[in-house]
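Asks: generate a structure from the sequence data that follows.
(one chain, ligands or ions: 1)
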Amino acid sequence: MEISTLTGAEAVVEMLKAHGVDIVFGLCGDTSLPLYDAMARLGSIRHVLTRDERHAAYMADGYARLSGKVGVCEGPSGGGATYILPGLVEANESSIPVLAINTDVSVSSRGKFTLTELDQRTLMKPLTKWNAVIDRSAEIPKVLRKAFEAMTSGRPGTAHVALPFDVQNGPVDRNDVWADPTLGAFPSRRVAPDPALIEVAAKLLRKAKQPLFICGGGVVLSGAEAELLSLAEKLGAPVATTISGKGSIDERDARAVGVVGSNGGTVETRAIVDAADLIVFVGCRAGSVTTERWRHPAPGSARIIHIDVDPAVPGTNYKVDVPLVGDARLCLAALDEALEGTKREGDFAAAEARKREKFAKFEALARSDDSPIKPERVVYEMQKVLDRDAIVVADPGTPCPYFSAYYVVGRTGRRFFSNRAHGALGYSLAASIGAHFAKPKVKTVAVMGDGSFGMCVGELETAVRLKLPITFVVISNAVYGWIKAGQKSGYDRRYFSVDFGVTDHAKVAEAFGVKSWRVFEPGKLQEALKQAAAHAGPTLVDVVCQPLHEARAPVSEWVA
Ligand SMILES: Cc1ncc(C[n+]2csc(CCOP(=O)(O)OP(=O)(O)O)c2C)c(N)n1
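Replies: Got it, this is the predicted structure:
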C-alpha cells in the first residue's frame with residue numbers, strides 16, 4: 001500500500017470533495033489560512049466569499065434546499081463561530097443538512113488567553129445535530145464521515161466541526177481519505193414504516209368521510225410528491241400544506257388547499273381544516289403556526305395519522321391514532337400500495353368554494369390602484385412576471401404570510417421557501433444566493449421587508465461581485481410592520497417603538513452596483529419587475545408599500 005500523507009487542511013478539502021461537495025460559502029480569518037491555502041492549491045472546490053458568516057450559513061442552507069446536497073459553510077474562530085451560528089440553528093430546526101467548519105486556535109495554544117479562543121464544542125452542541133472539535137489531524141477523515149452520515153440520515157440536520165490551526169498542518173494518511181458519496185445528498189438512508197401500522201392507517205383512511213393531508217417540509221425533502229398525489233387521488237382527499245410544505249402539490253390542482261395556519265392561512269383554509277374527520281400530517285411537526293396554536297384542527301375533532309421520520313414527532317402535539325415513523329416517500333408509497341383498488345370520489349365542492357372565496361378577496365385588493373401599494377398587488381404582479389420554474393425566497397414580515405397565502409406554486413418540488421424555524425429577519429437575500437448556485441439556470445427572487453433589508457444589505461456586494469442574476473424585492477414601509485400589526489390587534493393600537501426611518505433602498509443598492517427601481521405607483525410595478533427579472537445581473541425593486549397594520553393580512557390572527 002502506498003504510504004503518503006496529506007496535510008490536515010488538504011484532507012478536509014479531499015473529504016469534502018469525496019462527499020460530492022463542489023461549493024463552499026465562507027469568510028477568511030487568521031486561523032483559516034492553511035485551509036484557504038489548501039483550497040487554493042487543490043482548486044477542486046469553488047469558494048464563495050461572503051461578507052459575514054451568518055449569510056454564509058444561509059447561503060449553504062438555500063443551496064442545500066435546492067440542490068438536495070449538503071450545503072457547506074466555513075468561517076474562522078471566535079466571532080466567525082458566533083456569527084455562523086444563527087444560520088446553523090435555522091437549518092438544523094428546518095431539517096436542512098448544513099455543515100459548518102470553523103477553524104480554531106491551535107490545540108497547543110488552548111487555555112493561554114489566545115485571541116479568539118472559544119469553546120466551540122459547548123457553543124454548538126445544543127444547536128446542531130452533531131458536532132466535534134478535531135484534536136488530532138488523523139481524526140479528520142473519520143470525523144467528516146460521521147458528520148455527513150449524521151446530517152443526511154434520519155431527520156436531516158446540521159453538523160459543526162471545529163478545525164484547529166495546528167490540526168490543519170498535521171499529517172493525515174492518504175489511505176484514510178475515503179467516503180461513501182451517497183452521504184453527501186439527502187435523505188441518504190430511507191427508513192420504511194412498520195407494515196402492521198400501515199394496515200391500521202389504511203383501514204382508517206378507507207373509513208374516513210373527509211380526510212385531509214397536511215404536508216410539511218418533509219414531503220419535498222424526501223421527494224414524495226408523486227406518492228402523495230397518487231394517494232390523494234385514490235382517497236379523493238384535499239392536500240393542505242405548511243409554508244415549508246409548499247411544493248408538495250401543484251397548487252393549481254383541484255385537490256390543493258394551499259397553506260394553512262397563522263402565517264399564510266386564511267379563514268377559508270381554516271374552515272377546510274375544521275371540516276376534516278381524519279388528518280394525515282406528513283413530514284410536519286404540527287407546530288404552533290401550522291395549527292394556530294393547536295386549535296385547528298381542534299384536539300379530538302379528527303382522527304390523526306402522523307407520518308414523520310423523527311419518532312419524537314407523532315404524538316407530541318396531538319393524540320395520534322396511527323404513528324407512522326419513516327421516510328415520507330416510503331410511508332406514502334406503502335399506504336398507496338395498501339389502498340390499491342380504492343377509488344373514493346372526493347367531494348371537493350366545499351373546499352373549492354372556500355378557495356374561490358379566498359382568491360376573490362385577494363384579487364379585489366390585488367387589483368387596487370391605491371398608493372402606497374398593497375402587499376397583495378406585489379404578490380399579484382410577481383405571479384404574472386415569474387415563470388413557474390422560478391424560485392422565490394421570502395423573509396418574515398409581510399413577505400412570508402402574503403406569498404404563502406397567495407403566491408401559487410404551479411409545480412411540485414422546492415420553488416418557494418422561507419426560514420420557518422426561527423424566522424429571523426434578513427434570511428432571504430443570502431438564501432437566494434445559495435439557491436441560485438444550486439439552480440443557476442432558474443430565475444431566483446428574494447422578497448424581504450425593509451427590516452430584513454437592514455439585516456442583510458452587505459451581501460449585495462457579493463451578488464454584484466459574482467454578477468448573480470437574482471432579483472431582490474423590498475417591501476418598503478419604514479416599520480417593523482408585522483409587530484405593529486400585533487400591537488394593533490392585541491394591544492389596542494398602543495404602538496410602541498416599531499417605526500423607523502424611510503430609506504431609499506434603490507439608491508443604497510445602486511451604490512453597491514445593483515440595477516434598481518423604486519416604485520410608488522401600482523401601475524408601474526409590473527414593468528419594473530419585468531425589467532428586473534430579465535436583467536442579466538443583480539437587480540433590486542424597492543416597492544413603497546402599505547404597512548401591514550393598515551392592510552388586510554391573510555393570517556387568521558397573531559399568535560405566539
Ligand atoms: C432577527 C429578528 N429579530 C426580530 C424579529 C421579530 N420580528 C418578526 S416580524 C418583524 C417585523 C418585520 O419588519 P420588516 O422586515 O420591515 O417587514 P414588515 O413586517 O414591515 O413587512 C420583527 C421585528 C425577527 N423575526 N427576527
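Asks: need phi/psi at S516.
Replies: With angles defined as degrees, to the nearest 10, S516 sits at phi -140, psi 160.
Asks: that one and P538 touch, don't they?
Replies: No. Using Cβ atoms under 8 Å, S516 is not in contact with P538, being 9.3 Å away. Heads up, the C-betas are built off the backbone N, CA and C, glycines and all.
Asks: more neighbours: which of these two?
Replies: P538 (27 against 24; other Cβ atoms under 10 Å).
Asks: could you check how far that one is from P323?
Replies: Distance from P538 to P323, counting by Cβ to Cβ, to the nearest Å: 46 Å.
Asks: packing partners for the longest helix along the chain?
Replies: Taking DSSP state H as the criterion, the chain has its longest helix at helix 349-366. Contact analysis of helix 349-366 by 3 or more Cβ pairs under 8 Å, 6 or more residues apart in numbering; DSSP states H and E lists strand 256-259, helix 267-275, helix 375-385, helix 399-406 as its packing neighbours.
Asks: can you mark which positions in that helix are buried?
Replies: 351, 354-355, 358-359, 361-362, 365-366 (16 or more other Cβ atoms under 10 Å).
Asks: ok, stretch 381-394 near the ligand or not?
Replies: No. Using Cβ under 6 Å from any ligand atom, we find that stretch 381-394 stays clear of the ligand, coming within 10.5 Å at best.
Asks: quick check: end-to-end length of that stretch?
Replies: 15 Å (Cα to Cα, to the nearest Å).
Asks: tell me the mean pLDDT for it?
Replies: For stretch 381-394, mean pLDDT is 97.
Asks: hmm, who's touching it?
Replies: Residues from elsewhere that reach stretch 381-394 (Cβ atoms under 8 Å, 6 or more residues apart in numbering): 62, 66, 400, 403-404, 406-408, 410-411, 414-418, 427-428, 431-432, 435-436, 439, 442-448, 473, 525-526, 529-530, 533.
Asks: can you check stretch 511-519 too?
Replies: For stretch 511-519, the surrounding residues in contact (Cβ under 8 Å, 6+ apart) are 373, 460-461, 463-464, 472, 504-507, 509-510, 525, 528, 531-532, 535, 537-544.
Asks: show me which of those residues are buried.
Replies: Among these, those classed as buried by neighbour count (16+ other Cβ under 10 Å) are 373, 460-461, 463-464, 472, 505-506, 509, 525, 528, 532, 538-544.
Asks: wait, doesn't G75 sit right on I84?
Replies: Yes. Between G75 and I84 a contact is recorded at 4.8 Å, counting by Cβ under 8 Å.
Asks: ok, now which ones touch the nearest residue to N477 once chain neighbours are set aside?
Replies: Spatial nearest neighbour of N477, chain neighbours left out: P547 (4.1 Å); criterion: Cβ to Cβ, 6 or more residues apart in numbering. Neighbouring residues of P547 by Cβ under 8 Å, 6+ apart: 372, 477-479, 481, 484.
Asks: what's the ChimeraX line that selects buried ones from those residues?
Replies: Per 16+ other Cβ under 10 Å, the buried members of those correspond to this ChimeraX selection:
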select :372,477,479,481,484
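Asks: taking the contacts of P547, tell me the two that lie furthest apart.
Replies: Maximum pairwise distance in these, criterion Cβ to Cβ, is 14.4 Å, between P372 and K484.
Asks: what does the protein have sitting close to the ligand?
Replies: 396-398, 423-425, 449-452, 475, 477, 479-483, 548.
Asks: filter those down to the ones in helices?
Replies: Using DSSP H to define helices, the subset of the residues of the chain next to the ligand located there is 450-452, 481-483.
Asks: mind putting the residues you listed in CSV, distance to Y495 included?
Replies: Shown next, in CSV, are these (distance: Cβ to Cβ, whole Å):
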residue, distance to Y495
D450, 17
G451, 15
S452, 20
G481, 11
W482, 13
I483, 10
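Asks: which strands or helices does the helix or strand containing A430 pack on?
Replies: Using DSSP states H and E, A430 sits within helix 428-438. Applying 3+ Cβ pairs under 8 Å, 6+ apart, one finds that helix 428-438 contacts helix 53-67, strand 391-394, strand 416-418, strand 444-449, helix 450-456, helix 460-465, strand 470-476.
Asks: go with 6 Å
Replies: Packing partners of helix 428-438 (3 or more Cβ pairs under 6 Å, 6 or more residues apart in numbering; DSSP states H and E): helix 53-67, strand 391-394, strand 444-449.
Asks: closest one to G245 among those?
Replies: Closest approach to G245 among these is made by helix 53-67 (13.0 Å; Cβ to Cβ).
Asks: pull up the pairing partners for the following helix or strand past that closest one, direction included.
Replies: Once helix 53-67 ends, the next helix or strand along the chain (criterion: DSSP H and E) is strand 71-75. Strand 71-75 pairs in its sheet with strand 23-26 (parallel), strand 98-104 (parallel), by DSSP bridges.
Asks: now the helices: where do they sit in the stretch 1-150 of the chain?
Replies: 8-18, 33-42, 53-67, 79-93, 120-124, 140-152 (DSSP state H, counting those that start in this stretch).
Asks: buried deepest among those, which one?
Replies: For these, the largest average neighbour count (mean count of other Cβ atoms under 10 Å) is found in helix 53-67, namely a mean of 30.
Asks: can you say which of the ones in helices among the residues of the chain next to the ligand are buried?
Replies: 450-452, 481-483.
Asks: pLDDT below threshold where in the stretch 1-150 of the chain?
Replies: 1-3 (pLDDT under 70).
Asks: go again with 90.
Replies: Within the stretch 1-150 of the chain, the ranges that satisfy pLDDT under 90 run 1-3, 44.
Asks: can you pull the pLDDT of V219?
Replies: For V219, the predicted pLDDT is 98.
Asks: without its sequence neighbours, what residue ends up closest to it?
Replies: Nearest residue to V219, sequence neighbours excluded (Cβ to Cβ, 6+ apart): S248, at 4.0 Å.
Asks: next: A551.
Replies: P375 is the one closest to A551 (Cβ to Cβ, 6+ apart), at 5.6 Å.
Asks: pretty sure the one you found is touching Y402, no?
Replies: Yes. Judged on Cβ atoms under 6 Å, P375 makes contact with Y402 at a distance of 4.8 Å.
Asks: more neighbours: which of those two?
Replies: The neighbour comparison of P375 against Y402 (other Cβ under 10 Å) goes to P375, with 30 against 26.
Asks: just list the residues touching that one, thanks.
Replies: Shown in contact with P375 (Cβ atoms under 6 Å, 6 or more residues apart in numbering): 398, 402, 545, 551.
Asks: rerun at 8 Å
Replies: 398, 402, 475, 545-546, 548, 551.
Asks: where in the stretch 201-350 of the chain is pLDDT low?
Replies: Using pLDDT under 90, the stretch 201-350 of the chain drops low at 344-350.
Asks: please enumerate the helices of it.
Replies: Ranges of helices in the stretch 201-350 of the chain, per DSSP H, counting those that start in this stretch, are 217-222, 225-235, 267-275, 328-338, 349-366.
Asks: could those go into CSV alongside distance to T116?
Replies: Output for the helices of the stretch 201-350 of the chain, formatted as CSV (distance: least, Cβ to Cβ, whole Å):
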stretch, distance to T116
helix 217-222, 35
helix 225-235, 45
helix 267-275, 49
helix 328-338, 42
helix 349-366, 51
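Asks: return the nearest residue of the stretch 401-550 of the chain with respect to the ligand.
Replies: For the stretch 401-550 of the chain and the ligand, the shortest gap (Cβ to the nearest ligand atom) falls at G449, measuring 2.2 Å.
Asks: what score does that residue have for pLDDT?
Replies: Note on G449: pLDDT of 98.
Asks: shouldn't it be in contact with D395?
Replies: Yes. Using Cβ under 8 Å, G449 is in contact with D395, at 6.0 Å.
Asks: ok, F148 to N263 distance?
Replies: To N263, F148 is 33 Å away according to Cβ to Cβ.
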